[in-house]
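Visitor: Build me a model:
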Amino acid sequence: MERERLLNGNWNVRAAAGNFFRREWFSIVDCAPADVVAGVRFWDRAAAEQRPGTAPDATVGLLLSKDASGCYYVEDVRRMFATPGAVEKAIVNTAPQDEA
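Guide: Numbers count the residues shown, from 1 in each chain. Sure, this is the predicted structure:
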């Protein structure tokens, strides 16, 4: 959207939820690639506990890797509803596992 607005001057462009990725674009593989050339985990930190009568966003950590042929793989997803302190602890505990 930002590119369309700033480079093309289209200020009427709007994000359409659910149209960024389609499930049919992806397939499930039996195992992680052996020839990983890059990998990264990103955390979307909501840090909210789930309580009766609430619908908070989850904290999610996604591990993405790229193989030598340029294919990307979602290797792991961590999802939790927790306090900021518990989220920080989970991030610290997950980091060594990602380095393996």
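
Visitor: From here on, just use CA atoms for contacts and neighbour counts.
Guide: OK.

Visitor: what residue ranges in the chain are flagged as low confidence?
Guide: Across the chain, the ranges flagged by pLDDT under 70 are 16-19, 100.

Visitor: 50 - rerun?
Guide: Nowhere does the chain drop to pLDDT under 50.

Visitor: which residue ranges form the helices in it?
Guide: Using DSSP state H, the helices of the chain run over 2-8, 84-98.

Visitor: Mind giving me the packing neighbours of the longest one?
Guide: Counting contacts by 3 or more C-alpha pairs under 8 Å, 6 or more residues apart in numbering; DSSP states H and E, helix 84-98 is packed against no other helix or strand.

Visitor: count of residues packed around Val74?
Guide: 16 (other C-alpha atoms under 10 Å).

Visitor: Relative to Phe21, how far out is it?
Guide: 13 Å (C-alpha to C-alpha, to the nearest Å).
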